[in-house]
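this one's sequence-less:
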């Protein structure tokens, strides 16, 4: 799916993107396809943790800890989709330019302003810092805040307690180093996740500004043009659902009420990512239809006002104007009810499956672990 090449568009120069864009376009990485850079990024994060674990003999526990693998995958997955989205968003904005009655200079000024806000590295890193601090506090409480006595039976040494997020080895031995190891691994995850949150929030505000733009009175044209950007937001939403599923697998051992609620709430951001633009597009279509009705009504008054006697159409008037019925038919055709939403049923089906992906993955987790003997 990540087919955009790593060169920037006219709106998105390599120096103007987010810190993720700059990283993906840096040096020889900029010559590689986006999925390859994402894979290498996740692999590098995992290997850094492995090297740190090796320094104090913790490599076996590290390699057998599923969340470490998932965290590395999440870094590559989310960062790659952010790069893809930032490369393609300017083109999507250019594509829907013809939907609005606005001067080119004003349109470029509006879109340029919000694209700069999306690329605000300081703001994105500020959000990421908050995520990092919260993560580190959770890790401190989970690893250093607990006292876990080794089991008397050596055979139970690697049997995790039901309340533990990680295998028991993380709670024994050199716990300060274990915490540092996890903090190192959590840092890139939090940076990427925080950047994603910033982009989703800023994009929502961007759409609210777009809602105020005057549209052309042609609903059919609007639907045709807006289908492409609808598909774009659908892809972004689905990529978010995969990230939510990863979070659920890492932080919950099995599906319960709390896990289901957390997954549904976090997954709802993916739904908002898709449906918020649809609400804006719906307002475009409503206004376009209202404009058509208004203009046809004015034209009707000018063309046929003299042909009516009271509320009845005068046959005599039509006889003097043979083309009147054809004009009336054209007006009736133009004012026929049209689509008021851009999305299609298949889009909603994909979204519902994506929303349930995290719950489904967590439900299947115990059975998958049994297959692998965990």
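Cool, the structure landed. For clarity, every value in this text was computed on a predicted model and none was experimentally measured.

list the contacts for residue 20?
79, 82, 83, 86, 192, 195 (C-beta atoms under 8 Å, 6 or more residues apart in numbering). The C-beta positions use only the backbone N, C-alpha and C, and glycine is treated the same way.

give me the three-state assignment for it.
Secondary structure, DSSP: H, G, I helix; E, B strand; the rest coil: residue 20 is helix.

gap between it and residue 57?
Distance of residue 20 to residue 57, computed by C-beta to C-beta, to the nearest Å: 34 Å.

once you drop chain neighbours, what's closest to residue 61?
Closest residue to residue 61 apart from its sequence neighbours, by C-beta to C-beta, 6 or more residues apart in numbering: residue 169 at 3.8 Å.

residue 245: how many residues sit nearby?
22 (other C-beta atoms under 10 Å).

farthest-apart pair in the contacts of residue 20, please.
For these, the farthest-apart pair by C-beta to C-beta is 86 and 192; their separation is 13.0 Å.

right, and residue 266 touches residue 245 too?
No: counting by C-beta atoms under 8 Å, residue 266 stays clear of residue 245, with 10.0 Å between them.

which residues do the two both contact?
residue 358.

ok, residues contacting the helix or strand hosting residue 52?
Using DSSP states H and E, residue 52 maps to helix 34-54. When contacts are defined by C-beta under 8 Å, 6+ apart, helix 34-54 is touched by residues 2, 4, 6, 23-24, 29, 32, 59, 61-63, 68-69, 71-77, 79-80, 83-84, 180-181, 184-185, 188.

go again using 6 Å as the cut-off
Applying C-beta atoms under 6 Å, 6 or more residues apart in numbering, the contact partners of helix 34-54 are 2, 24, 29, 59, 62, 72-73, 75-76, 79-80, 83-84, 181, 185, 188.

for this protein, what helix or strand is lowest in average pLDDT?
strand 308-309 (a mean of 51; mean pLDDT, DSSP states H and E).

what strand or helix carries residue 173?
Using DSSP H and E, residue 173 falls outside every helix and strand.

excluding chain neighbours, what is closest to it?
With sequence-adjacent residues excluded and distances taken as C-beta to C-beta, 6+ apart, residue 173 is closest to residue 58, at 7.6 Å.

what's the burial count for the one you found?
When neighbours are defined as other C-beta under 10 Å, residue 58 has 21 of them.

got phi/psi on residue 254?
With angles defined as degrees, to the nearest 10, residue 254 sits at phi -160, psi 170.

contacts only, for it.
By C-beta under 6 Å, 6+ apart, the contact list for residue 254 reads residue 366.

show me where the stretch 201-350 of the chain has its strands.
308-309, 312-313 (DSSP state E, counting those that start in this stretch).

show me what counts as buried in stretch 67-84.
Neighbour counts over stretch 67-84 (16 or more other C-beta atoms under 10 Å) mark 67-68, 70-84 as buried.

ok, which stretches of the stretch 151-300 of the chain are helices?
Residue ranges of the helices in the stretch 151-300 of the chain, as given by DSSP state H, counting those that start in this stretch, are 175-210, 219-251, 257-304.

looking at stretch 168-185 now, give me its mean pLDDT.
The average pLDDT within stretch 168-185 is 84.

got it, and stretch 248-258?
Mean pLDDT, stretch 248-258: 73.

one more: stretch 340-349?
88.

quick one: contacts of it?
223, 226, 230, 234, 278, 281, 282, 285.

what's the answer for stretch 238-250, then?
By C-beta under 6 Å, 6+ apart, the list of residues contacting stretch 238-250 reads 67, 70, 74, 78, 81, 263, 266-267, 270, 354, 357-358, 361-362, 365.

likewise stretch 101-114?
93, 206, 213, 214, 216.

now the fourth one: closest residue in space that isn't a chain neighbour?
Spelled out, that is residue 214. Nearest to residue 214 is residue 101, by C-beta to C-beta, 6+ apart, at 4.6 Å.

look up how far residue 39 lies from the one you found.
In terms of C-beta to C-beta, residue 101 sits 45 Å off from residue 39.

if we can go back for a sec, which ones among the contacts of stretch 238-250 lie within strands?
Per DSSP state E, strands hold no members of the contacts of stretch 238-250.

and the furthest pair within the residues you listed?
Longest span within those, C-beta to C-beta: 81 and 365, 23.4 Å.

mind showing which ranges of the stretch 51-200 of the chain have poor pLDDT?
138-139, 141-165 (pLDDT under 70).

thinking again about what came up before, helices - which of the contacts of stretch 238-250 land there?
The helices, defined by DSSP state H, take in 67, 70, 74, 78, 81, 263, 266-267, 270, 354, 357-358, 361-362, 365 from these.
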